[in-house]
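*Asks:* All I have is the shape, not the residue letters:
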DNA sequence: CCTTGAAAATGTGACGCCACATTTATATAG
DNA sequence: CTATATAAATGTGGCGTCACATTTTCAAGG
């Protein structure tokens, strides 16, 4: 992101408009899915004419692409930042869990799109947006895997599985339980302890 | 499913045709997604005319619905069956992991659709197919949760988390790691030990 | 300074076009 | 002659375009 304050009034105005279009699009896409939203609808919701959308984005696919990738950046940056701070592996993981929970909480609409794209089976767009998002997600998982790896080297963690698989398991377990809670808060109340899932991984189920 | 052998030749023939149509549709849908497949394509692949499809299904949505729900049944039946046999909780869970792995292995095309529908964000179809599939999945998770619960009662498992959350975590961790392997077998080879994921849950990471 | 008006920049939405779901008229088989 | 399969015909809806409308800019004249 460029520094917004160095732009002309006109350019700032354009950015603002662009953001409004993307916000409207995010709402609609995350609610109804790529193929069940028309540009007409987006234009109407954003209070612009259809033609204006085309001044900002080449076509529907381009708009969607921009939306998803920008949000991905924000999401991954937020979480990456959270795991950089402490040295301690356990604390890093706790920070990761909390940061992820917070992003789910505060940005649910996008989360639905993100999961749709990063899971294997969305097919929203031909030109491999899926691929790109998934690739980024894999790269991100490497960061979590690195924490596990370091913990195993330090002998803070037992060496019971490939660090990457540990990362995959933890990350997807978080996704699933957060989604459950967000989908039906009444039926699946938020775990009292935000680290419940993490504790499963730490403590293990079987008596030693 | 009705017993096929009590039907007339004509009726058996119809069932066979129906199955062929659904098989073709499954291939296409799982590869390209609901909205990127036309009935023309399905008809061509199944070697029928378009009109014939309409003799069997009211419309495209109806066809897709039938496809997904029938496959869901098969999938859930197979796994439910696997966890009914042993009494031992650990063995039940091992059977669950193996059955699920086997279904992923042998029926990958459907798995992609299943995950797309059971995750929150697919939106292939307006009329809440998502909802129905997700609801079934939740119900299925109850069965896994019951195993954990029983294990905790027996004191075979430590009481570290709500059984339902344990089930959610294990199930999604399985999905994610199986998918990883299926998407890129060269980069993520199949874990030597099929129970790797399960062991993470059993043993725990931190030294006691 | 303020006014004004024309040109440049920007916004608009009706419409062309096409892909595809569905229907219907026709051909074929039994 | 009936039942069934077929594929051409029909209708719908959404993407993307473009000729026009509106707003902004800016300079010259009062």
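*Replies:* Received the coordinates, thanks. The structure displayed is predicted, hence computed values, not measured ones.
*Asks:* starting at the chain centroid, how far to stretch A:86-102?
*Replies:* 16 Å (C-alpha atoms, centre = their mean, to the nearest Å).
*Asks:* which parts of it are buried?
*Replies:* Residues A:89-90, A:92-97, A:99-101 are the ones in stretch A:86-102 that count as buried (16 or more other C-beta atoms under 10 Å in any protein chain shown). The way it works is simple: take the backbone N, C-alpha and C, and place the C-beta from them, glycine included.
*Asks:* swap in stretch A:64-72?
*Replies:* A:64-68, A:71-72.
*Asks:* Where helices are concerned, which of the residues you listed count?
*Replies:* Among the buried residues of stretch A:64-72, DSSP state H puts A:64-68, A:71-72 in helices.
*Asks:* Now render these as TSV, adding distance to residue A:117.
*Replies:* As requested, those are exported to TSV (distance: C-beta to C-beta, whole Å):
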residue	distance to residue A:117
A:64	10
A:65	10
A:66	13
A:67	10
A:68	6
A:71	10
A:72	8
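*Asks:* Just the closest of the buried residues of stretch A:64-72 to DNA strand D, please.
*Replies:* Nearest to DNA strand D among those: residue A:64, at 9.8 Å, using C-beta to the nearest atom of the strand.
*Asks:* At which residues are the helices of chain A located?
*Replies:* A:9-32, A:39-46, A:50-56, A:60-82, A:89-106, A:108-118, A:129-153, A:163-183, A:196-203.
*Asks:* The last one near chain B at all?
*Replies:* This means helix A:196-203. Yes: Helix A:196-203 reaches chain B (C-beta under 8 Å from any C-beta of the partner chain) through A:196-197, A:199-203.
*Asks:* In JSON lines: the residues you listed, plus pLDDT.
*Replies:* Below are these laid out as JSON lines (pLDDT from 0 to 100):
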{"residue": "A:196", "pLDDT": "89"}
{"residue": "A:197", "pLDDT": "90"}
{"residue": "A:199", "pLDDT": "92"}
{"residue": "A:200", "pLDDT": "93"}
{"residue": "A:201", "pLDDT": "95"}
{"residue": "A:202", "pLDDT": "95"}
{"residue": "A:203", "pLDDT": "92"}
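*Asks:* looking at those residues, which has the most residues close by?
*Replies:* residue A:200 (25 neighbours; other C-beta atoms under 10 Å in any protein chain shown).
*Asks:* Which residues are in contact with that residue?
*Replies:* Residues near residue A:200 by C-beta atoms under 8 Å, 6 or more residues apart in numbering or on different chains: A:173, B:160-161, B:165-166, B:169, B:201.
*Asks:* What distance do you get for the residue nearest to the spatial centre of chain A to residue B:179?
*Replies:* The centre of chain A sits closest to residue A:75, judged by C-alpha atoms, centre = their mean, with a distance of 4.7 Å. Here the distance between residue A:75 and residue B:179 works out to 20 Å (C-beta to C-beta, to the nearest Å).
*Asks:* Then residue A:207?
*Replies:* To residue B:179, residue A:207 is 32 Å away according to C-beta to C-beta.
*Asks:* sorry, back to before: just give me the neighbour total for the closest residue to the residue nearest to the centre of chain A other than its chain neighbours.
*Replies:* Nearest residue to residue A:75 in three dimensions, chain neighbours excluded: residue A:103, at 5.8 Å (C-beta to C-beta, 6 or more residues apart in numbering or on different chains). Neighbour count for residue A:103, taken as other C-beta under 10 Å: 20.
*Asks:* measure the closest residue to residue A:140 other than its chain neighbours to residue A:195 for me?
*Replies:* Closest residue to residue A:140 apart from its sequence neighbours, by C-beta to C-beta, 6+ apart: residue A:76 at 5.6 Å. Shown here: residue A:76 relative to residue A:195, a distance of 22 Å by C-beta to C-beta.
*Asks:* Ok, residue A:173 next?
*Replies:* From residue A:173 across to residue A:195, the span is 12 Å (C-beta to C-beta).
*Asks:* quick one, which of the two is more surrounded?
*Replies:* Neighbour comparison, residue A:173 and residue A:195: the larger count goes to residue A:173, with 26 against 16 (by other C-beta under 10 Å).
*Asks:* wait, that one sits on residue B:168?
*Replies:* Yes: the pair residue A:173 / residue B:168 is scored as a contact, 7.3 Å apart, by C-beta atoms under 8 Å.
*Asks:* looking at chain A, which helix or strand does the model trust least?
*Replies:* Every helix and strand of chain A was ranked by mean pLDDT, DSSP states H and E. The lowest is helix A:108-118, at a mean of 86.
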